[in-house]
Structure formats: C-alpha cells, structure tokens
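Colleague: Everything below, folded, please.
(one chain, ligands or ions: 1)
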Amino acid sequence: MLTDTLLARLPARVRDTVDRWLEIADVFRELRDPRVARSLAPAGVRGLVLRRGKQGTPTTFPASHSAYFDWSYPSDHVEMRELYRRAKAGQWDGETLLPWNTSVDPVNPEVPILPPRFVDFSILERHGITLTPARRQEFLHSLVAGMLSQVLHGEQGALQAACQVTEAVQFFDGKLYGGTQVVDEARHVEVFHR
Ligand SMILES: [Fe+2]
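Modeller: Below is the predicted model of the structure:
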C-alpha cells in the first residue's frame, strides 16, 4: 500500500493521478450495497475516471399526462391574465441585453469568481492538503463550473416542466401565462449555456 511518505516523494503530476485513483477506490469501498455500486458505476467511471460529462448522450424518459384542450377560450382567471400582460410587456433578449464581450478569465486572481471566504481552505489544510494560490483558483473555477452546470440542467428541466404545465393546466388564462413561462425558461437555458 502506498504510504503518505511515498506519495510525497512522487512528482506533483503523478501524485495527483495516484491521489485521484485512491480517492475513487475509497468512494467505491464505501458503497456496501452492490446494486448501488452497479448503478453508480457508469456515472462514476465517466465523472471520476474519464472526467467528462454526458456530452452528446441524450437521455430519454417517458412523460405522460393529460393535455387539456379548451375549445371555448374563456377569460377565466383575472390575476393570471394580468401576469400574462406583464410578462408580454417585460420580454427581454439575453443575446442583446447582456454584455457578452466582457473579458473574463476564471483564474485571474485580480477578479475572483467567488468571494475569498466562500471556501474555507483551512479545513483542507487541517487534512494535510495545501493548495497553491493558482491551484485554489483552479479549484474555485471547477467548483463554479460544476455549480453552473447543475443550474443549466435545472433550467432545461424547468423548460420542459413549464411546457407540460402549460399543456395540463385547466384554466385558459393559465395556459397563456404558461406560454410566457416557457419562453422565460428557454431564455434561462440559452443564457446559462452561453
Ligand atoms: Fe428558469
């Protein structure tokens, strides 16, 4: 078994790789239920070993509900109709509204992407992990990238949920307002993906 002393003697890049593999082995050792290990294995190998997401691999799942088609087009919810009016008046275009030409460098120490105290690095140091300022920047960049990826996926989920709610809702002003919510969520996906 590799001891900490032996690890410390390895070149930094090799040590990082060995550390990563030991960490992966630890994660899988913690999983006592073989069914859980089996179900997590593909995602684990992809994320922890290959370090890549599910790019290019669409996920399909059944979405079944009753769509409510109203033939009489009633004005049946005053507040929702008002929200629909406001949503129409307040439409925005992320493509032109946001300053996309702003220069950004996620590892520029002059412009931190997170407040300095967002991560308490002293906890890592108490466990013998000391990161150089550059590695801290890299760590924070990865952390933010991971968080924003989850937000992006959440926005796609919200887009699809808003579509379904618009189909299923049983008052007509709700359908009109739901249409604007669908556009809102589409914009969120567009902006976070960019
Ligand atoms: Fe959203």
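Colleague: contacts and neighbour counts: CA atoms only from here.
Modeller: Noted.
Colleague: Determine the longest helix present in this protein.
Modeller: helix 133-168 (DSSP state H).
Colleague: pLDDT (mean, whole number) over that one?
Modeller: Helix 133-168 shows a mean pLDDT of 94.
Colleague: what about the helix or strand just after it, average pLDDT?
Modeller: Downstream of helix 133-168, the next assigned helix or strand under DSSP states H and E is helix 172-193. What helix 172-193 shows for mean pLDDT is 97.
Colleague: buried stuff in helix 172-193?
Modeller: Neighbour-count burial for helix 172-193 flags 172-189 (criterion: 16 or more other Cα atoms under 10 Å).
Colleague: and the ion, which of the residues you listed contact it?
Modeller: Among the buried residues of helix 172-193, the residues within reach of the ion (Cα under 5 Å from the ion) are E185.
Colleague: Just list what the longest helix of the chain packs against, helices and strands only.
Modeller: When contacts are defined as 3 or more Cα pairs under 8 Å, 6 or more residues apart in numbering; DSSP states H and E, helix 133-168 packs onto helix 172-193.
Colleague: Report all helices and strands that the helix it packs on contacts.
Modeller: Using 3+ Cα pairs under 8 Å, 6+ apart: helix 172-193 touches helix 78-89, helix 94-97, helix 133-168.
Colleague: For it, give me every contacting residue.
Modeller: Defining contact as Cα atoms under 8 Å, 6 or more residues apart in numbering, one finds that helix 172-193 is touched by 70, 73-78, 80-81, 83-84, 87-88, 93-95, 148, 151-152, 155-156, 158-160, 162-163, 165-167, 169.
Colleague: For the buried ones among the residues you listed, write the corresponding ChimeraX selection.
Modeller: Selection of buried members from those for ChimeraX, criterion 16+ other Cα under 10 Å:
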select :80,81,83,84,87,151,152,155,156,158,159,160,162,163,165,166,167,169
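Colleague: Return only those of the contacts of helix 172-193 found close to the ion.
Modeller: E155.
Colleague: Let me know the secondary structure of the most far-flung residue of the chain relative to its centre.
Modeller: Of all residues in the chain, S72 has its C-alpha farthest from the mean position, at 40.8 Å, by Cα atoms, centre = their mean. Here S72 takes the coil state, with states given by DSSP: H, G, I helix; E, B strand; the rest coil.
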